[in-house]
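Trainee: kindly generate the corresponding structure for this input.
(chains A and B)
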2 protein chains.
Amino acid sequence: MTSRVLGVLGGMGPLATADFLHKLIDETPARRDQDHVPVVAYSVPQIPDRSLAIIGEGESPLPYLLEGIHTLKQAGAQAVAIVCNTAHYWYDDLVEQGGLEILHIADAVCATLNGIQRVGLIATSGTLAAGFYQSRFAARDIACVLSSELDQETLVAPAIECVKRNDLAQGHTLATRAVRRLLAQGTPRPEAVVLGCTEIPLAIAYQASDVSDRCIDATRALARACVAWSRAEQGSRVLGF
Amino acid sequence: MTSRVLGVLGGMGPLATADFLHKLIDETPARRDQDHVPVVAYSVPQIPDRSLAIIGEGESPLPYLLEGIHTLKQAGAQAVAIVCNTAHYWYDDLVEQGGLEILHIADAVCATLNGIQRVGLIATSGTLAAGFYQSRFAARDIACVLSSELDQETLVAPAIECVKRNDLAQGHTLATRAVRRLLAQGTPRPEAVVLGCTEIPLAIAYQASDVSDRCIDATRALARACVAWSRAEQGSRVLGF
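Mentor: Numbers count the residues shown, from 1 in each chain, chains lettered A, B, ... in the order given. Purely as a prediction, here's the structure:
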């Protein structure tokens, strides 16, 4: 069978991009190289901070994101996965101005939430301000629990910074604490916690812990959606071959 | 500082490409996303088997490799790393017809062999037939020990196949056995074994073993060479920004 070519807009950060590519392979039923999803990846981390831009304190990354999508389109990509939750703040602009289908990471997560009525959400301040997870959960009558401002400042944000500087051990300590605190919050308690920032699954997976099987990994959900997309249209052509 | 954009020609196989991207991050001194090497990766595994083509039993992958390099060049890559040792058989054609500098994986390995006088080499039959490792070792007066034909057939080739179908446990058993047998071969014994196939480091690293610190990982050597290359020309421009 042939597969459609996936464009990966990454670099935010680079480790999350490599992690996504791993999960894409993991989620693909393959016995040989040729069974895997063809990918073109644009991982250029020289791009302004997404969360700072959303709260109005930094340059917009939109032109950089569009440059990435245009590059991927020219390179043969037929749809795009953005390996950064926060960047989905610009989703509508990117679809409209980029001219390619973009598989939304929060839609991919929602496809895995069957039967769940209450979830916690770990994400950057930018993603929380953007609200695309909360609105999707609300539309499905799923209650959503967020970290307190204090936890966001002292656990979630520092955990993400740790992963970006490759200190996974400290990132793990902070991220598992943030997840544990969400799981203990409210009545009834959340049944699971969505890891809605692509750095966080790397921190959680650093070593085994009591929270790992309570987490829903947005990166893996996106990978799964991409595999399904790539294999959906049999008989389509791959890069002209 | 700014970094030059690296093109990664991968997909042979996809897991080796993700592994290379990990090692590229690992080898980069970085404290934040923006410090990392900007990368465009072309990971399209729908390409003919390299070893079969070299021994004259399959379609040439050269047009597919060139398509990849042209795509990377158009996407802004200023040099290319090929994450497949065997594909280096077509190195001269790819440089000449691709129009981009290609960082040769065997040159990257040689840069790490200071003081070593005798090495073992684990590689595909295609890479061994191509001879680019052996000629470089000979030019440096480094003696080279190869697996027997029987070991190649019963250990090395099956280990590579295992990685390609994501059976790292069995790949590990076979690959460590192949390395151990090389380390015990000849007088004097080889001081190290070069893992000259990008699947093999994945098999070796699957779990700790007695051979891991005797191995020279060509994938990591290439990553290190790429980081040095990307950071070598400060002040150069990144994708027009």
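Trainee: chain center to stretch A:113-132, what's the gap?
Mentor: The chain centroid and the centroid of stretch A:113-132 are separated by 12 Å under CA atoms, centre = their mean, to the nearest Å.
Trainee: gap between the two ends of it?
Mentor: End-to-end distance of stretch A:113-132 (CA to CA, to the nearest Å): 15 Å.
Trainee: model confidence over that stretch, on average?
Mentor: What stretch A:113-132 shows for mean pLDDT is 96.
Trainee: what comes up buried for it?
Mentor: A:113, A:116, A:118-128, A:130, A:132 (16 or more other CB atoms under 10 Å in any protein chain shown). Where you see a C-beta, it was placed from the backbone N, CA and C, and this is true even at glycine.
Trainee: specify which member of the residues you listed is nearest to chain B.
Mentor: For the buried residues of stretch A:113-132, the closest approach to chain B (CB to the nearest CB) belongs to residue A:124, at 12.8 Å.
Trainee: surely the closest one and residue A:87 touch.
Mentor: No: at 10.2 Å, residue A:124 and residue A:87 do not qualify as touching, with contact defined as CB atoms under 8 Å.
Trainee: strands along chain A, start to end?
Mentor: A:6-10, A:39-43, A:79-82, A:101-103, A:118-122, A:143-146, A:192-195, A:215-217 (DSSP state E).
Trainee: how about residues contacting stretch A:164-177?
Mentor: A:13, A:15, A:122, A:155-156, A:158-160, A:162-163, A:199-200, A:202-204, A:206-207, A:209-211, B:25-26, B:30-33 (CB atoms under 8 Å, 6 or more residues apart in numbering or on different chains).
Trainee: buried ones among the residues you listed?
Mentor: Among the contacts of stretch A:164-177, those scoring as buried are A:13, A:15, A:122, A:155-156, A:158-160, A:162-163, A:199-200, A:202-204, A:206, A:209, A:211, B:25, B:30, B:33 (criterion: 16+ other CB under 10 Å).
Trainee: in helices, which of those fall?
Mentor: A:15, A:158-160, A:162-163, A:200, A:202-204, B:25 (DSSP state H).
Trainee: possible to save these as a markdown table with pLDDT and distance to residue A:58?
Mentor: Listed next are these as a markdown table, based on pLDDT from 0 to 100; distance: CB to CB, whole Å:
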| residue | pLDDT | distance to residue A:58 |
| --- | --- | --- |
| A:15 | 94 | 22 |
| A:158 | 98 | 19 |
| A:159 | 98 | 21 |
| A:160 | 96 | 16 |
| A:162 | 94 | 21 |
| A:163 | 93 | 20 |
| A:200 | 98 | 21 |
| A:202 | 97 | 24 |
| A:203 | 98 | 24 |
| A:204 | 98 | 27 |
| B:25 | 95 | 24 |
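Trainee: what is the most widely separated pair among those residues?
Mentor: Distances among these were taken as CB to CB; the most separated pair is A:158 and B:25, at 19.9 Å.
Trainee: number of nearby residues for residue A:107?
Mentor: By the criterion of other CB atoms under 10 Å in any protein chain shown, residue A:107 has 15 neighbours.
Trainee: for it, give its distance to residue A:82.
Mentor: 12 Å (CB to CB, to the nearest Å).
Trainee: check residue A:43 too.
Mentor: Residue A:43 is 12 Å from residue A:82, where distance means CB to CB.
Trainee: related to what we said a few turns ago, out of the buried residues of stretch A:113-132, which comes closest to residue A:151?
Mentor: For the buried residues of stretch A:113-132, the nearest to residue A:151 is residue A:122 (9.5 Å; CB to CB).
Trainee: for the closest one, what are its contacts?
Mentor: Here residue A:122 is in contact with A:147, A:156, A:175, A:178-179, A:182, A:193-197, A:200 (criterion: CB under 8 Å, 6+ apart).
Trainee: 10 Å instead?
Mentor: Taking CB atoms under 10 Å, 6 or more residues apart in numbering or on different chains, we find residue A:122 in contact with A:85, A:128, A:146-147, A:151-152, A:155-156, A:159-160, A:175, A:178-179, A:182, A:193-197, A:200-201, A:203-204, A:215, A:218.
Trainee: could you do residue A:73 as well?
Mentor: Contacts of residue A:73 (CB under 10 Å, 6+ apart): A:7, A:40, A:79-80, A:98-100.
Trainee: one more time with 6 Å
Mentor: Contacts for residue A:73 (CB atoms under 6 Å, 6 or more residues apart in numbering or on different chains) come out as residue A:100.
Trainee: now, which of the buried residues of stretch A:113-132 sits nearest residue A:51?
Mentor: Taking CB to CB as the measure, residue A:51 sits nearest to residue A:126 out of the buried residues of stretch A:113-132, at 3.3 Å.
Trainee: nearest spatial neighbour of that closest one, skipping sequence neighbours?
Mentor: residue A:51 (3.3 Å; CB to CB, 6 or more residues apart in numbering or on different chains).
Trainee: my guess is that neighbour contacts residue A:123, does it?
Mentor: No: using CB atoms under 6 Å, residue A:51 is not in contact with residue A:123; the gap is 9.7 Å.
Trainee: how far off centre is stretch A:177-185?
Mentor: 20 Å.
Trainee: in chain A, where is pLDDT below threshold?
Mentor: Chain A contains residues with pLDDT under 70 at A:1-2, A:233-241.
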